[in-house]
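Asks: coordinates for the following, if possible.
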Amino acid sequence: MSIQLNSLILFCLTLVMTTTLYANTNIDQAKGQFIDEMVKKHNFDKQALQQIMGDIEFRQSIIDAMNRPAEAKPWADYRPIFVTESRAKQGVEFWQENEKLLNAATEKYGVPVEIIVAIIGVETRYGRHTGRYPILDALATLAFGYPKRAKFFRSELEHYLLLAREENINPQEKKGSYAGAMGKPQFISSSYRSYAVDFDKDGTKDLWDSNADIIGSVANYFKRHGWKHGVPVTMRANGAGQQHQDLVDLGMKPKTTIGALAKRGITTDWTLPNDAVSSLIYLEGKAGDEYWLGLHNFYVITRYNHSNLYAMAVFQLSQKIAELRRN
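Replies: Presented below is the predicted three-dimensional model:
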């Protein structure tokens, strides 16, 4: 091996070691600052928090997962993951096993049973897959090692430690998704603190093992985000096509009136008020282009996960579950 090649290899190794050391130093500094803030702002015990944070493992697999979300897939590939016969059948089973709780939640919050069930089904297959990453590792990795969204995940880490203290949870024991979502409904920390309810009235809000709290919390989440009882969610947009890309580009929030859509040649098989507002949704389906109207309640579903693909999967799974339930 030549001297020049040896020198090049040595240089590359030194560069990698220096970069890694610099990154680790930055992470350690960021963790130290975070601990000081938690002590000052929320009166945490510094030594105890240093112990907790000192055991955190930085996980590259979490960063990698963040960079390849399922929502990046086209609808033709996304739909078969979530809208399946098996998931719908499991939804009917969950409905049957928790019918009294689901009916109580629907009566209190006005959210249809099939929507509540579909959310839990899409998120974790009714608790079968709640996540394999230590939540503390996931949130710390993203808070201190993922600059693109560091501010958001730093806030979620703060909420998680507060949640652990409030609900008497050991923060080092709980596992969840690579993004730190937790329990059967996969609430992030801030949502857990804001929307989880003690639906079984046992003094705790348990989104892992209490189906009462899980069902009530999902229903409360939708109610608090403006779900309207008895209002349609979405429907096919007849006459829509590539010439309406400007309407698709307006985004997922409903802005365009049904009357304005009709003037552009877009109609539905439903009778809707001309002043009702909608978004126009384009999906790359297995059989070709699909266009849908995203009405108010469809937008509410996107508040759970900011994706039209996600909301459509929830809606279509909910319809499949309701159909199987009737039959």
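Asks: got the contact list for residue 186?
Replies: Listed by C-beta atoms under 8 Å, 6 or more residues apart in numbering, the contact set of residue 186 reads 123, 124, 130, 131, 176, 177. For the C-beta atoms, the positions are set from N, CA and C on the backbone; glycine is no exception.
Asks: what pLDDT does it get?
Replies: Per-residue confidence (pLDDT) for residue 186: 98.
Asks: same thing with residue 310?
Replies: The model reports residue 310 with a pLDDT of 97.
Asks: buried stuff in the host helix or strand of it?
Replies: Element membership for residue 310 (DSSP states H and E) is helix 308-326. The neighbour-count check on helix 308-326 (16 or more other C-beta atoms under 10 Å) flags 308-322 as buried.
Asks: residue ranges of the strands in the stretch 101-250 of the chain, please?
Replies: Using DSSP state E, counting those that start in this stretch, the strands found in the stretch 101-250 of the chain span residues 133-134, 175-176, 234-236.
Asks: so which of those strands is nearest residue 45?
Replies: With C-beta to C-beta as the criterion, residue 45 lies closest to strand 133-134 of the strands of the stretch 101-250 of the chain, at 20.8 Å.
Asks: quick one: residues in contact with that closest one.
Replies: The contact list for strand 133-134, computed with C-beta under 8 Å, 6+ apart, reads 57, 59, 62, 172, 174, 175, 176, 177, 178, 180.
Asks: buried only: go through those for me.
Replies: Buried by 16+ other C-beta under 10 Å: 59, 62, 174, 176, 177, 178, 180, out of these.
Asks: so who does the residue nearest to residue 324 when sequence neighbours are not counted touch?
Replies: Once flanking residues are discounted, residue 324 sits nearest to residue 92: 5.0 Å by C-beta to C-beta, 6 or more residues apart in numbering. Applying C-beta under 8 Å, 6+ apart, we find residue 92 in contact with 321, 324, 325.
Asks: just want the angle from the host helix or strand of residue 92 to helix 308-326.
Replies: Assigning secondary structure by DSSP H and E places residue 92 in helix 85-97. Following axes from the mean of the first three to the mean of the last three C-alpha atoms, to 10 degrees, one obtains 60 degrees for the angle between helix 85-97 and helix 308-326.
Asks: buried residues, helix 85-97. List them.
Replies: Within helix 85-97, the residues that count as buried by 16+ other C-beta under 10 Å are 87, 88, 90, 91, 92, 94, 95.
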